[in-house]
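Chemist: Here is my input; please provide its structure:
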Amino acid sequence: MPSPLLAGDILVTDGGAGPGHAGIALAEAGRNRVLNQRANEDGQRPAATQIFHATSAEGVVSTIAWTQVSMVFRPANISPELCMKLEVIAREISESARYGLARVLFKSWSARSHFSANARGRLAKYRTRLQNHQGVVKHVYCSEFIVLVYQLACEDEAHPLFPRLNAKHTLPGTLAEYLRRDATNWSLMGTTDGSGNGAMDFVPGGNAA
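Modeler: Below is the predicted model of the structure:
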């Protein structure tokens, strides 16, 4: 039986040609406040109602029809409050950012993906823009977007779910490998079937093992 995606789950395409693709499952904090309030009161994470991702055709968008077979990585011990922050930040980025094709083709592979001093400085600039509602980043690609959303939501680098990655130089495959290695904080739950039928669910186990 399929299992529901939960807010905070990360999806990364499983195999195939090209650099791959990635998305983040979230609950609509801005629209379903009752749902999120109930989750906070119960100390539980809400089920996902959408998947945010950056695409070449539309920029950063949300969908319920995920049409790609993808690995589902689930964060450990994530609070409902952090889930809400993830959604708010994802939405803010989506309002100003366009898809960065040049970043994928020319920038993503041009430096190492570890969290360097340059990455820290760039993140500080984005955080200031977020606080001032100035538009976080102008151009972004799929896995870069996900890393930034988590980094900005976690705030403190010491947070166990803070991705210690250089977002600008993290392709989907690199993100998946990072999450696989961090088995303490991330679990590979299974795969989506790619049917795009609108069901916010995945197949436990799937072909991810």
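
Chemist: Could you pick out the longest helix of this protein?
Modeler: Across the chain, the longest stretch assigned as helix under DSSP state H is helix 80-96.

Chemist: Okay, buried residues for it please.
Modeler: Across helix 80-96, burial judged by 16 or more other Cβ atoms under 10 Å covers 80, 82-94, 96. Every residue, glycine included, has its C-beta placed from N, CA and C.

Chemist: ok, these vs A7, which is closest?
Modeler: Nearest to A7 among the buried residues of helix 80-96: C83, at 3.9 Å, using Cβ to Cβ.

Chemist: can you give me the strands in the chain?
Modeler: Along the chain, the stretches classed as strands by DSSP state E are 3-4, 10-13, 22-26, 50-55, 59-63, 70-75, 98-99, 139-140, 186-191, 201-204.

Chemist: helices and strands of this structure: which one bottoms out on pLDDT?
Modeler: Among the helices and strands of the chain, helix 101-102 carries the lowest confidence by mean pLDDT, DSSP states H and E, at a mean of 52.

Chemist: any idea how far S3 is from L152?
Modeler: As judged by Cβ to Cβ, to the nearest Å, S3 and L152 stand 28 Å apart.

Chemist: give the contact list for R180.
Modeler: 186, 188 (Cβ atoms under 8 Å, 6 or more residues apart in numbering).

Chemist: rerun that using 7 Å as the cut-off
Modeler: L188 (Cβ atoms under 7 Å, 6 or more residues apart in numbering).

Chemist: Nice, that's everything, thank you.
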